[in-house]
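**Q** Need coordinates for the following:
(one chain, ligands or ions: 2)
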Amino acid sequence: MRFRMVLAVEQVKRMRGGAQAQLMRCSNGGYYVVKFQNNPQGRRILANELLATRLARRMGLPSPEPEVIEVREELISHTDELVIQLGRGRALCSAGKQFGSRYPGEPAKTVVYDFLPDEQLREVTNLGDFLGVLVFDKWTCNTNGRQAIFHRDREGDGERYRAQMIDHGFCFNACEWNFPDAPLRGLYARHGVYEQVRGADAFEPWIARVERITESDLDKDYSGIPPEWFEGDFDAIERLMAQLVRRKKLVRELVISAWKSSAQPFRNWR
Ligand SMILES: Nc1ncnc2c1ncn2[C@@H]1O[C@H](COP(=O)(O)OP(=O)(O)O)[C@@H](O)[C@H]1O
Ligand SMILES: [Mg+2]
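**A** Ligands and ions are numbered 1, 2, ... in the order given. Just a heads-up that it's a prediction; the model follows:
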């Protein structure tokens, strides 16, 4: 159990996307992309983000460090930008515990891209992680397309880009917490990232990592999720955990159904 609390200090800018996230500078010196409890996609999105990001990191996937960020009433009332745009009108962003995804470095120094042109995409230093994250997205039934951010790889040659996996709000089918599996779900839109796949074997090391995640690992990863992010419905979250355990053995078959699909995402797997 950790007792430190990360507090939002300053709003930096509004991000694109349906959850209307905000980039914020925080008390630990880090910058975080923050999603609020009253975001238009629903409260459980925050629980999904925290749990799924922890699971992805447990698999060894690169995903920005997740954090519970406390946003105070005073900051919201003093910042005109901290509002959620609704169909008609707007609402103040909610105060209290929100979800934060750590920005890599500082916004003034590190440029982050949502997309790369194919030529640079092919050169990304950790393309293999797109195979791992497909296994992850099949396991968690991410009903959104796979999303990643790219920034220059400081640990690498500094020229090429590194991908990090973001936006896990629609894992477990968003607020539904059911698993409507379908062949194309979870794929990255640019199938070039899968060119290295020559057969089912390419996914096996990642499937093994999912299989090694135990019930007690899952318990650890969901404890500490603020209960207000799932309306205190502990029965629902326990059922979700049980489903995740059960689904470990489905992952291989779900990857194969993606291969067989009309979209043919793996062009070198025959
Ligand atoms: N950890 C992060 N570091 C840098 N940028 C991020 C990070 N997380 C999200 N973003 C940026 O914020 C945008 C919105 O975040 P995302 O999780 O995709 O929310 P939404 O659910 O609204 O699509 C992304 O398109 C990306 O540009
Ligand atoms: Mg998104």
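**Q** Now the residue of the chain found nearest ligand 2: closest residue in space that isn't a chain neighbour?
**A** Closest residue of the chain to ligand 2, CB to the ion: residue 167 (3.8 Å). For the C-beta atoms, the positions are set from N, CA and C on the backbone; glycine is no exception. Setting aside the residues directly before and after it, residue 167 is nearest to residue 147 in space (CB to CB, 6 or more residues apart in numbering), at 4.2 Å.
**Q** any idea how far ligand 1 is from the one you found?
**A** Distance, residue 147 to ligand 1, using CB to the nearest ligand atom, to the nearest Å: 5 Å.
**Q** Can we start the residue count at 711 from this point?
**A** In the new count, where the first residue is 711, that last one comes out as residue 857.
**Q** Could I get the full set of helices for the protein?
**A** Along the chain, the segments classed as helices by DSSP state H run 754-768, 783-787, 828-831, 839-850, 914-922, 925-932, 944-957, 961-970.
**Q** will you turn the ones you listed into CSV that also has mean neighbour count?
**A** Shown next, in CSV, are the helices of the chain (neighbours: other CB atoms under 10 Å):
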stretch, mean neighbour count
helix 754-768, 24
helix 783-787, 14
helix 828-831, 13
helix 839-850, 25
helix 914-922, 16
helix 925-932, 14
helix 944-957, 15
helix 961-970, 17
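**Q** ok, now which ones touch the most centrally placed residue in the chain?
**A** Nearest to the mean C-alpha position of the chain, by CA atoms, centre = their mean, lies residue 878 at 3.0 Å. When contacts are counted by CB atoms under 8 Å, 6 or more residues apart in numbering, residue 878 touches 758, 759, 762, 763, 766, 773, 850, 852.
**Q** Check what pLDDT it gets.
**A** On pLDDT, residue 878 comes in at 98.
**Q** where does the stretch 761-910 of the chain have low pLDDT?
**A** For the stretch 761-910 of the chain, not a single residue meets the criterion pLDDT under 70.
**Q** So what pairs up with the residue nearest to residue 877 in the strands?
**A** Beta-bridge partners recorded for residue 857 (DSSP bridges): residue 876.
**Q** Number of residues surrounding it?
**A** 18 (other CB atoms under 10 Å).
**Q** So it versus residue 881, what's the distance?
**A** 11 Å (CB to CB, to the nearest Å).
**Q** just to revisit the earlier point, need the helices of the chain in CSV with distance to ligand 2, can you?
**A** As requested, these are arranged in CSV below (distance: least, CB to the ion, whole Å):
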stretch, distance to ligand 2
helix 754-768, 11
helix 783-787, 23
helix 828-831, 18
helix 839-850, 13
helix 914-922, 22
helix 925-932, 22
helix 944-957, 21
helix 961-970, 21
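**Q** give the contact list for the residue of the chain closest to ligand 2.
**A** 727, 759, 854, 857.
**Q** which one of those residues sits closest to residue 900?
**A** Nearest to residue 900 out of those is residue 857 (CB to CB; 11.5 Å).
**Q** how many other residues sit next to residue 890?
**A** 9.
**Q** Not counting its neighbours along the chain, what's nearest the closest residue to ligand 1 within the chain?
**A** Closest to ligand 1 within the chain is residue 727: 2.4 Å, counting by CB to the nearest ligand atom. The spatially closest residue to residue 727, leaving aside those adjacent along the chain, is residue 877, at 7.6 Å (CB to CB, 6+ apart).
**Q** which strand residues sit across from residue 744 in the sheet?
**A** Under DSSP bridges, the residues paired with residue 744 across the bridge are residue 732, residue 810.
**Q** how near is it to residue 976?
**A** For residue 744, the distance to residue 976 - CB to CB - is 36 Å.
**Q** Likewise for residue 942?
**A** According to CB to CB, residue 942 and residue 976 sit 42 Å apart.
**Q** my guess is residue 968 contacts residue 962, does it?
**A** No: the criterion here is CB atoms under 8 Å, and residue 968 misses it with residue 962 at 11.1 Å.
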